[in-house]
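Novice: 3D, please:
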Amino acid sequence: MGEQHHATFPQEVIDEYAALGVDLVAMFSAGHLGTRMGVQIVEASADRVVGTMPVEGNTQPYGLLHGGASAVLAETLGSVGSMLHAGSSKIAVGVDLNCTHHRGVRSGLVTGVAIPVHRGRSTATYEIVISDEAGKRVCTARLTCLLRDVLPADAQRATGG
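Specialist: Take a look at the predicted model:
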């Protein structure tokens, strides 16, 4: 589904997770769902996460970008930012997602940008703006994640064990 992008992470984040044997690309993605939808994370830090998704293959019956697809992109980007904020000792779990859909899109690529609204010890909230190729806002979302301690089972899943 389009050109492949590789996420750019701060070097200190790469080093932190590499020491734990964690695959950052797998950890900071939408997993199988994101792969099926063509989600690509192109920039990632606790301060800003950018990702793209094709409209093609992610439409509803009228041929417009499905609102649920926008929600997947928004939750993915906000979760990545939350996990980068929390660090390797915590896992981010989405607890609230709100999406307002402003306009329809029929083709091309949409880009989401997640910026933190709140970054605390136990929760993180990100605003995500999704725009079309002309830079017009398609969707505005807000995601709040609970930041909880990593459990042994979480670490096994993250390392593929």
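
Novice: so what's the most far-flung residue of the chain relative to its centre up against?
Specialist: The outermost residue of the chain, judged against the average C-alpha position, is Y62 (25.8 Å), by CA atoms, centre = their mean. Applying CB atoms under 8 Å, 6 or more residues apart in numbering to Y62 gives the contacts G104. (Glycine included, C-beta is placed from N, CA and C.)

Novice: per-residue confidence at it?
Specialist: Y62 is assigned a predicted lDDT (pLDDT) of 94.

Novice: make 405 the first number, not 1, from now on.
Specialist: Taking 405 as the first residue, the last one we looked at is Y466.

Novice: wait, a helix at it?
Specialist: No: counting by DSSP: H, G, I helix; E, B strand; the rest coil, Y466 is not part of a helix but coil.

Novice: quick one, strands of the protein?
Specialist: 444-449, 452-458, 494-505, 513-523, 527-535, 541-553 (DSSP state E).

Novice: quick one: the biggest helix by length in the chain to strand 513-523, angle?
Specialist: Identified as the longest helix of the chain according to DSSP state H is helix 471-490. With axes from the mean of the first three to the mean of the last three CA atoms, to 10 degrees as the basis, helix 471-490 and strand 513-523 are set at 40 degrees to each other.
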